Every structure is written in structure tokens, then in C-alpha cells.
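A structural model of the following input is requested.
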Amino acid sequence: MSFMRWQAERGVLRPLDGNPRGSPWWQAVNDRLLFDGCEAMARSGGLMGERSSATIELWMSFIALPTARSWYRAHNASIISAYLENRDLAELESMPERFFLNVALLRVLYAHALSAAPRLALGRFAPLGRVLGDPRLGMAGAFLSLGRVLPAGYPLQDDLDVYLVNEHGLGRTLDYGVIGPRLQALYDWSAGELGLPGLRGLVRDGSPIYAWSYADRHVWKQARESLPVRVLRVATSAR
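Presented below is the predicted three-dimensional model:
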């Protein structure tokens, strides 16, 4: 409910014929997540018939055994399926919005890895992964809160550089110091874990490319890394 309120306040759920209008992409992703969850709940109550997608089986597994890993598998499979199905709508968003769509995606993938593949996510600090990634605890909620990632208004009016300068400090440090160096491996692992090979096509040479040109990959690197970024990268290295 908190997430839905945030979306409503941001304006992405406004009518598509409004002025300003809402976001077709955000609404399509919400539709997919809500549809999958509602279908799974209905089936757990006895509804029969053919499943609408393979994702429903992951939701049924979560209902049968509600663990952190089963929740991430179900939730992320729905979200990533929606990303893949609505790439054409994402292409219609502004450049800053498309940048943050990629940031939101890599965040949810990383949160899943914290819980299910902690060695990949944290290197030598792997024992902390399951606690930090548990969606029932505050740390995961703070990390995944898109209010800490995305600007509050929609549509975005400024150039991307303006938002990069104002991006939340801690999140930016985590994105560049911890998540960035393992992005390629993270997408590859997630694609196998969720049975969604199309996810591998959303990253190239460690740079996200969902509705994003590979020629603009420089935004995923820092020209001059801060000391905290360098320290985190070395401390969480798999080696």
C-alpha cells in the first residue's frame, strides 16, 4: 500500500488522457504484478483452468512456502516479465525516466541475490546477505524504496545530469561501489534463477540497456570514484 501511495503521489497512475497524463509503462507493469498475484490467490482458493503464464507457478510456490527466496522469485518474475513485455512503452518515456527504470530493475535483482545468492551479492560478507535481503525486514525495504531512487514528480522535466547530481548519496554509493561491478553476473544469474532468458538482453558488457542506448553507457560509470565507492568495491569483491 505504501508503494501504491507513492506511485499515486508521483502521478504515474493518472489517467492516460489527463493533463498531465500518467505513464502507460508504469501502469502496464502494475497491471502485470497485480494480475499475477490475484490469479495465484484465486487458484489457492480453488480456481481451476489453464495458467495465464509460467510466472503463476512461482507465485503458487510462494503461497505454499512463504520464504524470502520464494517471494523474490515470484515478485521479480512478474516485474521482469512486465519489463520485457512493455519495452515499447518504456521507449516512449523520457531519457531520465528510462535511466531510473534501469536503476529500479538492477535494485530488485540485487535484493533477490542478497537473499538467494549472497556470495554473488556481497563476496566475503555473504553471511550478511540473507538478513540484509529479507523483504520482511527494514533494511530491504529501505534499499528497495523507489522513493529513494526516483524523483518525486512525473513526468521528469530536467536533463538527466540534474537528477544524477541530486541522486540519494547512499544509494548512489551502493549502485556504483557494490552492484555495478557485478551487474553482468547478476543479470545472468537472475535470468537462470527465474527462467527468463530474455533478461540477459537487458544488459551488455555490464551496462544496463533496457530502453537505453549502449552508446550512452558512460552514465553507469563514475569519472572519478569517491573513496567510499572504492572501499565498498574492494571490500565486497568476490575475491
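
what's the following helix or strand after the helix or strand of the chain with the lowest mean pLDDT?
Every helix and strand in the chain was compared by mean pLDDT, DSSP states H and E; the lowest is helix 138-144, with a mean of 59. Using DSSP states H and E, the helix or strand that follows helix 138-144 in sequence is helix 160-166.

just checking, what packs against that following helix?
helix 95-116 (3 or more C-beta pairs under 8 Å, 6 or more residues apart in numbering; DSSP states H and E). C-betas here are computed from N, CA, C, even on glycine.

all helices in this structure, in order from the N-terminus.
With DSSP state H as the criterion, the chain has helices at 2-10, 24-44, 55-64, 68-85, 87-90, 95-116, 118-122, 129-133, 138-144, 160-166, 169-174, 183-194, 227-235.

Helix 2-10 and the second one, what's the angle between them?
Here helix 24-44 runs at 150 degrees with respect to helix 2-10, directions being taken by axes from the mean of the first three to the mean of the last three C-alpha atoms, to 10 degrees.

ok so, going back, among the helices of the chain, show the one with the smallest mean pLDDT.
When the helices of the chain are compared by mean pLDDT, helix 138-144 comes last with a mean of 59.

For the residue nearest the centre of the chain, give me its contacts.
Centroid check for the chain by C-alpha atoms, centre = their mean gives residue 105 as the closest residue, at 2.5 Å. Neighbouring residues of residue 105 by C-beta atoms under 8 Å, 6 or more residues apart in numbering: 79, 80, 83, 202, 208, 210.

Over to residue 183?
By C-beta under 8 Å, 6+ apart, the contact list for residue 183 reads 106, 203, 206, 207, 208, 220.

Closest to residue 58 out of the residues you listed?
Nearest to residue 58 among these is residue 106, at 20.3 Å by C-beta to C-beta.

Distance-wise, check the closest one relative to residue 158.
As for residue 106, its distance to residue 158 is 22 Å (criterion: C-beta to C-beta, to the nearest Å).

what's residue 128 in contact with, if anything?
118, 122.

so how far is residue 178 from it?
12 Å.
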